[in-house]
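Student: sequence first, then the predicted structure, then my questions.
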Amino acid sequence: MPEENIDILINAGWLIPVIPRNTVLRNCSIAIDHGKIIAVLPSAEAEQRYSAQQCYHLPNSLLIPGLINAHAHAAMSLLRGYADDQSLHTWLNESIWPAESRWVSEEFVFDGAEIAIAEMLLGGTTCFSDMYFFPDQTARAARSTGIKCQLAFPILEFPSAWARNADEYIHKGLALRDEYRDDTRISIAFGPHAPYTVNDPALQKIATLAGELDAAIHIHLHESAGEVTQSIAEYGLRPIERLQQLGLLTPLTQCVHMTQLVDSDIALLAESGSHVIHCPESNLKLGSGFCPIEPLQKAGINIALGTDGAASNNDLNLLGEARTAALIAKGIAGNPELLPAHEALELATINGARALGIDDVTGSIEVGKAADLVAIDLNNIASQPLYNAFSQLLYTDSASHVSHTWVDGKLLVKDGQLLNLDQAELIHKAQIWQQKIQAEC
């Protein structure tokens, strides 16, 4: 049989495709051409069948799909450690919002986004969803680095450096959507900040526009007990009930946090087909509560995973987030069998793709999907001995051993080093911002 010419062949000791579920393949290869996966097969067969322009031999590595961080505020990497150990209300009103009012600018967002993207790529994240001011600058950073993203342009009632009111936020966001209409790596969504920062007329307008454009809606929801109490006092409705009445709950809605849920809330999620974005570490750090994984799973609701911003986490390590999600779920339910390692990985991969509406493109290692891939080096003390690849991936510090990251078949991290970004320069930028911000504290 004559050899078939292809772009890339990756040979790995272990491979977790995610689909089929709970599967580990040994000594397998992935054949890639024009950025797509064209075959997954035993390495011995691949070497006979394909002639690749680039070949990667990784016998001590585990290959997984690229991770999908379904909720972040990338530019807030510049506020990492700025305000810790505070309640959500205090953190927002007395620390973060005043700092953002003073410092957020195009330069702040671009620099912060680049730093966040670098951290995510080094940890195996190949796609992220972001909500922040100046989303055009985050888009510019994403486009230059090659990472995929959904940008949910923020919508609030109060002014910021980016817009004056809800109408202007929407106007600018729709212009950004038009600009990136044909971009295959960057999509634009509506990002109403939260029910308590957007009024009914604006929410109704968002529901109408999102329906007409078949666009996603990304919103913080039921993040704290205070949010729910305030909504009942002001509207006589729980926040999710209000969104349902206003037409915002659809299969394209991404509900972030969801720590304060009762049975009727879960029923609304199930009926609408909306998605839940679980951010366990940020919720823990802000004392906001726990997303109820077990009842959500039983109701058939898709649960994805997000890190939130580095200002409230304080890292963008999605594998670490998956580990925390698994441990919390087990502890709350008193059931060690809940959210096993392979399901926790699904939260960070295929479920994230489903939430963002791109599961036909990425989220698993399947023929026809984009070659969004991560290699994790298992040849280290913390990864040995290896009895179960899923356990090793989820319950050890595997993100620190990411060696290679590909997006659409393009190598962005090689041997643990960024190829499209200067790490030393990014560290210097972060230090310059820290000095400027701290000088006025």
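Tutor: Nice, thanks for sending it over. Predicted model, so just to flag it, every value in this text is computed and none were measured.

Student: helices along the stretch 201-350 of the chain, start to end?
Tutor: Secondary structure of the stretch 201-350 of the chain (DSSP state H, counting those that start in this stretch): helices at 225-235, 239-246, 263-272, 280-285, 293-298, 318-333, 341-347, 350-356.

Student: can you redo these as CSV with mean neighbour count?
Tutor: From N, CA and C alone the C-beta is placed, and that goes for glycine too. CSV is the format used below for those (neighbours: other C-beta atoms under 10 Å):
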stretch, mean neighbour count
helix 225-235, 15
helix 239-246, 21
helix 263-272, 16
helix 280-285, 22
helix 293-298, 16
helix 318-333, 21
helix 341-347, 24
helix 350-356, 27
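
Student: grab the nearest non-local neighbour of the most centrally placed residue in the chain.
Tutor: Against the mean C-alpha coordinate of the chain, by C-alpha atoms, centre = their mean, the closest residue is residue 69 at 1.3 Å. Spatial nearest neighbour of residue 69, chain neighbours left out: residue 128 (4.1 Å); criterion: C-beta to C-beta, 6 or more residues apart in numbering.

Student: OK, contacts around residue 34?
Tutor: 7, 409 (C-beta atoms under 8 Å, 6 or more residues apart in numbering).

Student: just residue 251 next, same as before
Tutor: When the contact criterion is C-beta under 8 Å, 6+ apart, the partners of residue 251 are 272, 273, 274.

Student: nearest to residue 365 among those residues?
Tutor: residue 273 (26.0 Å; C-beta to C-beta).

Student: just checking, residue 194 touches residue 227?
Tutor: Yes: contact criterion C-beta atoms under 8 Å: residue 194 and residue 227 qualify, at 7.2 Å.

Student: tell me where the stretch 1-150 of the chain has helices.
Tutor: For the stretch 1-150 of the chain, the helices defined by DSSP H, counting those that start in this stretch cover 43-49, 88-90, 97-103, 106-122, 135-145.

Student: which stretch in these has the least confidence?
Tutor: When mean pLDDT is averaged over each of the helices of the stretch 1-150 of the chain, helix 88-90 scores lowest at a mean of 86.

Student: buried residues, that helix. List them.
Tutor: Using 16 or more other C-beta atoms under 10 Å as the burial criterion, the residues of helix 88-90 that qualify are residue 88.

Student: so what secondary structure elements neighbour it?
Tutor: Applying 3 or more C-beta pairs under 8 Å, 6 or more residues apart in numbering; DSSP states H and E, we find helix 88-90 packed against no helix or strand.

Student: run through who's touching that helix.
Tutor: By C-beta under 8 Å, 6+ apart, helix 88-90 touches 223, 224, 226, 286, 287, 288.

Student: gap between the fifth one and residue 88?
Tutor: As defined by C-beta to C-beta, to the nearest Å, residue 287 lies at a distance of 8 Å from residue 88.

Student: next: the second one.
Tutor: As defined by C-beta to C-beta, residue 224 lies at a distance of 5 Å from residue 88.

Student: which neighbours do the two share?
Tutor: 286, 288.

Student: thinking again about what came up before, does the residue nearest to the centre of the chain touch residue 127 like I think?
Tutor: Yes: counting by C-beta under 8 Å, residue 127 is a contact partner of residue 69 at 7.2 Å.

Student: may I ask which helix or strand of the chain has the lowest mean pLDDT?
Tutor: When each helix and strand of the chain is scored by mean pLDDT, DSSP states H and E, helix 88-90 comes last, with a mean of 86.

Student: rewinding a little: contacting residues for the residue nearest to residue 69?
Tutor: 68, 69, 70, 72, 74, 117, 120, 147, 148, 149, 150.

Student: which stretches of this protein aren't confidently modelled?
Tutor: By pLDDT under 70, the weakly predicted segments of the chain are 1-2, 441.

Student: longest single strand anywhere in it?
Tutor: When the chain is parsed with DSSP state E, its longest strand is strand 50-65.

Student: that one versus helix 318-333: what angle between them?
Tutor: 40 degrees (axes from the mean of the first three to the mean of the last three C-alpha atoms, to 10 degrees).

Student: restricting to C-alpha, output strand 50-65 in PDB.
Tutor: Only the C-alpha atoms of strand 50-65 are listed here, as PDB (Å, rounded to 0.1, in the frame of the first residue of the first chain):
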ATOM      1  CA  TYR A  50       1.300   7.700   6.400                       C
ATOM      2  CA  SER A  51       4.200   9.900   5.300                       C
ATOM      3  CA  ALA A  52       4.000  13.100   7.400                       C
ATOM      4  CA  GLN A  53       5.700  16.400   6.900                       C
ATOM      5  CA  GLN A  54       6.000  16.600  10.700                       C
ATOM      6  CA  CYS A  55       6.100  13.700  13.000                       C
ATOM      7  CA  TYR A  56       6.000  13.800  16.800                       C
ATOM      8  CA  HIS A  57       7.100  10.700  18.800                       C
ATOM      9  CA  LEU A  58       5.700  11.000  22.300                       C
ATOM     10  CA  PRO A  59       5.900   7.500  23.800                       C
ATOM     11  CA  ASN A  60       5.800   8.800  27.400                       C
ATOM     12  CA  SER A  61       2.900  11.200  26.900                       C
ATOM     13  CA  LEU A  62      -0.900  11.200  27.200                       C
ATOM     14  CA  LEU A  63      -2.800  12.900  24.400                       C
ATOM     15  CA  ILE A  64      -6.200  14.500  25.200                       C
ATOM     16  CA  PRO A  65      -8.500  16.900  23.500                       C
END
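
Student: in that strand, what's buried?
Tutor: 50, 52, 56, 58, 60, 61, 62, 63, 64, 65.

Student: I'd say the fifth one and residue 377 touch.
Tutor: Going back to what we said before, that points to residue 60. Yes: here residue 60 reaches residue 377: they are 6.2 Å apart, a contact under C-beta under 8 Å.

Student: state the distance from residue 179 to residue 140.
Tutor: With distances taken as C-beta to C-beta, residue 179 is found 11 Å from residue 140.

Student: now swap in residue 376 and tell me
Tutor: Counting by C-beta to C-beta, the gap from residue 376 to residue 140 is 30 Å.

Student: which one's more surrounded, these two?
Tutor: Taking neighbours as other C-beta atoms under 10 Å, residue 376 and residue 140 compare with residue 376 leading, 28 against 17.

Student: three-state assignment of that one?
Tutor: Here residue 376 is recorded as strand under DSSP: H, G, I helix; E, B strand; the rest coil.
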